[in-house]
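Build the 3D model from these lines:
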Amino acid sequence: MRPLGSTDPLHTSAGTYTVSDQQTAPATIAKTDKKPLALAGDLYERPVNKVEVAAQTEAPPAVKQPETKSVVLGSDQAILLFNSECSVCRKISGWVIANDDPKNGGKQRIDERPIGQDPEALKAIHPDLDIWKTYETIHVVMPNGEIKTGGEAVAEVLRRLPETAWFTPLFDVSVLGFKPFQSMLNLGYTVLDRLRPAMGCESCGTPVPWWGKPIEWTYKAYKAITG
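Model prediction:
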């Protein structure tokens, strides 16, 4: 047996060999900043994705709040919108224009404009105007940007005409917060508004109610006879 630790050559029948007791040093493990892949739980971690981290840390985009626009017209005129395709509305608008004419003592305090067919053109007058609603009921845009509808719009038109301005202070009379004359005007306009289609105003307003059918039939019979 060869002694342990001997460095003498080893002679065998196959040849002579030199055996060293020195062991080969283990290979140096290079350090790396890469993190091992995450498989489950906290045993491993996956590589950090900078884009993902940024997406998680960035604040969500702020929700843009709608702007509140204050519409102020450039003159003392109130804008009266009317349906130019309706014969009844054209007659009423013509009466307003005639009474607002300076030749008849008017001060041109009303600007009569047809509703038209372009919703965007209507919103250019006031962003809150809806084309379908303006066809359903009368709309008046005040110089300060306020929109009045129904009986209140009618009262404002009457206030601005010389022939009717004298009795319009009645609409401002209030009894314990209740305006009786303005309420009567509102009711009267509501009834006439529902009957507009029965009187030939077919392109605006709402369908004729059941209680207005006799008036509608009478009007159609009259038109059929008179042509």
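
how about the strands in this protein?
Under the criterion DSSP state E, strands of the chain are mapped to 10-12, 15-17, 78-82, 110-114, 139-141, 147-149.

Let me have those strands in TSV, adding mean neighbour count and distance to Pro214 as columns.
(Each C-beta comes from the backbone N, C-alpha and C, glycine too.) Below are those laid out as TSV (neighbours: other CB atoms under 10 Å; distance: least, CB to CB, whole Å):
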stretch	mean neighbour count	distance to Pro214
strand 10-12	10	133
strand 15-17	8	130
strand 78-82	22	27
strand 110-114	17	31
strand 139-141	23	29
strand 147-149	17	28
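
Out of the ones you listed, flag the one nearest Pro197.
strand 78-82 (15.7 Å; CB to CB).

Could you list the residues in contact with that closest one?
73, 89-90, 92-93, 96, 109-115, 122, 125, 129, 134, 138-143, 153, 156-157, 160 (CB atoms under 8 Å, 6 or more residues apart in numbering).

Please apply the same query to stretch 156-166.
78, 80, 96, 99-100, 104-107, 109-110, 140, 142, 148, 167-168, 171.

Report all helices and strands that the longest helix anywhere in the chain contacts.
Using DSSP state H, we find that the single longest helix of the chain is helix 180-195. Contact here means 3 or more CB pairs under 8 Å, 6 or more residues apart in numbering; DSSP states H and E; on that basis helix 180-195 packs against helix 150-159.

And the nearest residue to Pro114 once chain neighbours are set aside, its phi and psi?
Using CB to CB, 6 or more residues apart in numbering and skipping residues adjacent in sequence, the residue nearest Pro114 is Ser84, 3.7 Å away. Taking degrees, to the nearest 10, you get phi -70, psi -10 for the backbone angles of Ser84.
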